[in-house]
Each structure stands twice: as structure tokens, then as C-alpha cells.
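>>> predicted coordinates and the sequence they were generated for:
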Amino acid sequence: MDSMFEPSTNDPSPSEQPRQFLMHLYQAAVRRALPLHNTAAYLPKPPLNGRTLVLGAGKAGAAMAQAVEALWPQDAPLSGLVVTRYGHTPPRPLGVAERIEVIEASHPVPDEAGLAAAKRMLALTKGLTKDDLVLCLISGGGSALLTLPVDGLAFSEKQRINQELLNSGANIIEMNCVRKHLSQIKGGWLAAACAPAKVVTLTISDVPGDEVSVIASGPTVPDASTCAEALAILKRYGIAVPAAIEAQLQSGALETPKPGDARFAGHEVHLIATPQQSLEAAAAAARAAGIEPYILSDEIEGESREVGKVHAALARAVAQGQGAFKKPCVILSGGETTVTVRKRPEGSPKGRGGRAGEFCMGLALALQGIPNVHGLAADTDGIDGVESNAGAYVAPDTLARAAVHGMKLDQYLDRNDAVGFFEPLNDLVTTGPTHTNVNDFRAILVL
């Protein structure tokens, strides 16, 4: 495990080191969600007569596979394949043999490596029997990493639709509804291919409400959403699909396996880490430092910049001695916000950033430098969007320091350029891949 996420013996002072204190809370949240800490209690026993096949996808996929390899009986057969994001395979623990192959692929827009991995996984399910066990390791990011378009949909078209969904402002439930109905492996199809073997899914949640059919677009669980809903979402956001695919959605020909399908009989699903658990770990770390924590919710959605403004309003009320929260305190929240990418005038600078950075811009703009309020937002996988930072930090003097650099925050918001704004201020939060993923983490410290 990276030393950044190991427990510290010298915890930072909230009043003297507010930025370090907020990072301490983020690290506590990530540590709670690391696979090796959470897998043992949910591992099934090896089958008596059959074999064990491990299949998986997600940003935590490689770390989950390593946890299984470390915990699985050494004399019990084990093999398989998981796919994770480029750069998200942790160093192999000493003394743990590699028995599960790991492939890296692109996220958030799929690439040929992810396509090849999906094809290989389906091929590995051929010949499974009722005596066999399939252990599926599913985490956030699996929707893009495990991609196999339905017949008649070109891979380039699948990539385009995925990119347009990401830019549209659609929430994760909407995006994954579409993804399921355009896939031969998501939306329950992977588990259906494993029949008649027993399937046990271990999953790390990165979605509001921990709905397992949404995590990584639910490749191993039945899907209650419909073709009609997927088509309505595409129309809502103005995303075109080929005419033949649209006709199949209209007719229901691309329907996914539904609850009650006999192919899912006897299957098990276990949530081994959730956003709420990570927020509670951060809250415990705050209490240990003498700061009262308030967890708003682990299911907050909406436009990132607007969510930042709401958090700023809460923090302002606390700072002014109003409302139910009493200072000093830290306000914690999780969930998955969205960023609607604005169209830029031709020739204008390209924006760089993700949900966490956009939240921090909205927070800073709304706080307007109010004293004694500090904020941090970061993605728990260590990557905010497609950049190298996890998120950003906001201090009372953020806007003043930006002015010294000649930067106006509203201009950076207009082009969704969080990296461009926070990088010159040295206020990007950079951790590298954490090898887990329980989605957004936000902490506002009011002293």
C-alpha cells in the first residue's frame, strides 16, 4: 500500500495546518476503501469439484485481484482476467504469486485494449459447469474499461456516444442505462454468459445509493432499466445513434436480462466498500482531532459548480454562527456530480479538469474569501477526469492569490479549466492512482 494512505503518527493540526488536515481526512477515506482491507470477509470457499475463474473490471480491478491472490488458498486452483485503467496496477506485494492476468485499458473513453479484454472474458466463460465458481471483481470505471458494442454498432460510434454522454451533463444512472443497452457484456450479460456456474460478485461502490446494477453498468447483475429509457436519455441530451440501433432500441431488441431471469439463480453480490463507509472513516479522523464532523450525504448529485455554491452557503452560515452546525467543524459529502462541458469559441484555450476541480471553482467563487473556511475536493481514485491531479484545495486567500497572477475565476469556470486555475496557485491535489474508487470526496473546514 502507498505510504500516503498508511495511518500517520503525526496527525496535522486543523487550525495550524488546514490543508494538511483536509488531506488527512481524504487519506482516511481512501484507506477505508482499499481492497486488501475489505475482501477477506466476503470471499467464498473454493469449489469442491470445479475450478475458480476470476473476472473483473474497474479502477480498483488490479488491486482487488491482488487481494484475492493474497487471500486465496495457495493449493486451490485460481485463474482469470481483470481489466483496469492505464497506470492503476499497484506494485505486486512480495511473496504473492500472480495467478490473475491484469490488462490495462483506457478510461473514460474506451479503447481497443478494453474491447479485446471484453472479448477474452466472454471467451473464458465457455465451458463453465455448475461445479465451477466465477468470482467477479467490479468497481467504478468498469463501464468504459469493459466494452463490447452490440452487433451493428461500430466501435468508433460507441466511443463517440460515450464521449458525448460524458460531456452532456447526464448523471451516472442515465449514462449507464445507455451503456448497458448498447453492450454485449454489461447490463447482466457477463453473468448470463457464465451460466450454469455460480457467480459471486465483490464490488466497490462509486455510485449514489450503492445500486449494484449501476456500478460499472452492472455486468453481473440483472437490469431493470429498459430500451425505452435508454432511447429517451439519448434524445434528452441530443445524442445521435445509427438508425439501425435506434430501431432496435425502439423495438426492444436490445433488451438486457431482467430480475427473475433463471440465469442469475444462486448468484451472490457483496458490497465490500462504499462511499458512506469512507465518509464515516473521515469523520472519525476529524473527531480524533477535536473537530466535529457533519456528513451531508454520500449521494449528492448535480452540476459540480452549483454543488460547490451550495456547500459555500452552508459554510458561510456556519462561519457566521447561523444554522444547525457549530464551528469549528468539517462538512463532509460524497456522491457523483457532473460537469456540462461548455462549447468554447474557436481558438480559445482548452479547459482541463474534472468534477472535483469544477466543484472547487464554484466553492471559491461563492465563498469570496470569507475568513477561516478551507475546502478540499478530490476523486477517491486519485484522478479527476482525465488529468493527473485528484482534485484541488480552496483557501480564504485563493481569489486574492489568483488576482496577483492576473487570473479571473469566472473566465476559468466558463471554459471548465480547473487545472489552469489551481495549478499556478500550487493548489492542485495530486496523489496518483489510489487503487480504489468510492467516488467524490469533499471536505469543508470552518474554524
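Yes, it's here. Numbering: from 1, shown residues only.

>>> what comes up buried for the regular element (helix or strand) spanning residue 25?
With elements delineated by DSSP states H and E, residue 25 resides in helix 18-32, which encompasses its position. If you call a residue buried by 16 or more other C-beta atoms under 10 Å, then helix 18-32 has these buried ones: 18-19, 21-32. To be clear about C-beta, it is placed using only N, CA and C from the backbone, and glycine gets the same treatment.

>>> with stretch 194-205 instead?
In stretch 194-205, residues buried by neighbour count (16+ other C-beta under 10 Å) are 194, 195, 197, 198, 199, 200, 201, 202, 203, 204, 205.

>>> in helices, which of those appear?
Here DSSP state H is the test, and these give residue 194 as lying in helices.

>>> mind putting the buried residues of stretch 194-205 in a markdown table, pLDDT and distance to residue 409 included?
Converted to a markdown table, the buried residues of stretch 194-205 look like this (pLDDT from 0 to 100; distance: C-beta to C-beta, whole Å):
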| residue | pLDDT | distance to residue 409 |
| --- | --- | --- |
| 194 | 98 | 51 |
| 195 | 96 | 54 |
| 197 | 97 | 54 |
| 198 | 97 | 54 |
| 199 | 98 | 49 |
| 200 | 98 | 48 |
| 201 | 98 | 43 |
| 202 | 98 | 42 |
| 203 | 98 | 38 |
| 204 | 98 | 34 |
| 205 | 97 | 33 |
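
>>> just to revisit the earlier point, what lies in contact with the helix holding residue 25?
Counting contacts by C-beta atoms under 8 Å, 6 or more residues apart in numbering, the residues outside helix 18-32 that touch it are 4-8, 11-14, 37, 273, 277-282, 284-286, 289, 291, 330, 332, 374-376, 378, 380, 393, 395, 429, 434, 436, 438, 441, 443, 445, 447.

>>> chain center to it: distance?
Relative to its parent chain, helix 18-32 has a centroid offset of 18 Å by C-alpha atoms, centre = their mean, to the nearest Å.

>>> check which helices and strands the following helix or strand past that helix sits against.
For helix 18-32, the succeeding helix or strand toward the C-terminus, using DSSP H and E, is helix 35-38. The criterion is 3 or more C-beta pairs under 8 Å, 6 or more residues apart in numbering; DSSP states H and E, and the helices and strands that helix 35-38 contacts are helix 61-71, strand 268-273.

>>> apply 7 Å and report the result again.
Of the remaining helices and strands, those touching helix 35-38 by 3 or more C-beta pairs under 7 Å, 6 or more residues apart in numbering; DSSP states H and E are helix 61-71.

>>> other SSEs contacting the helix it packs on?
Contact partners of helix 61-71 among helices and strands, from 3+ C-beta pairs under 7 Å, 6+ apart: helix 35-38, strand 52-57, strand 79-85, strand 100-105, strand 133-139.

>>> how about JSON lines for the ones you listed, with mean pLDDT added?
Putting these into JSON lines (pLDDT from 0 to 100) gives the following:
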{"stretch": "helix 35-38", "mean pLDDT": "92"}
{"stretch": "strand 52-57", "mean pLDDT": "98"}
{"stretch": "strand 79-85", "mean pLDDT": "98"}
{"stretch": "strand 100-105", "mean pLDDT": "98"}
{"stretch": "strand 133-139", "mean pLDDT": "98"}
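
>>> who wins for proximity to residue 72 among these?
Ranking the helices and strands packed on helix 61-71 by distance to residue 72, with C-beta to C-beta as the measure, places strand 52-57 first at 7.7 Å.

>>> give me the contact list for the closest one.
Contacts with strand 52-57, where a contact means C-beta atoms under 7 Å, 6 or more residues apart in numbering, come from 46, 64-65, 68, 76-83, 100, 121, 124, 132-138, 142, 145-146, 190, 216, 219.

>>> coming back round to it: same question for the helix holding residue 25, mean pLDDT?
The average pLDDT within helix 18-32 is 98.
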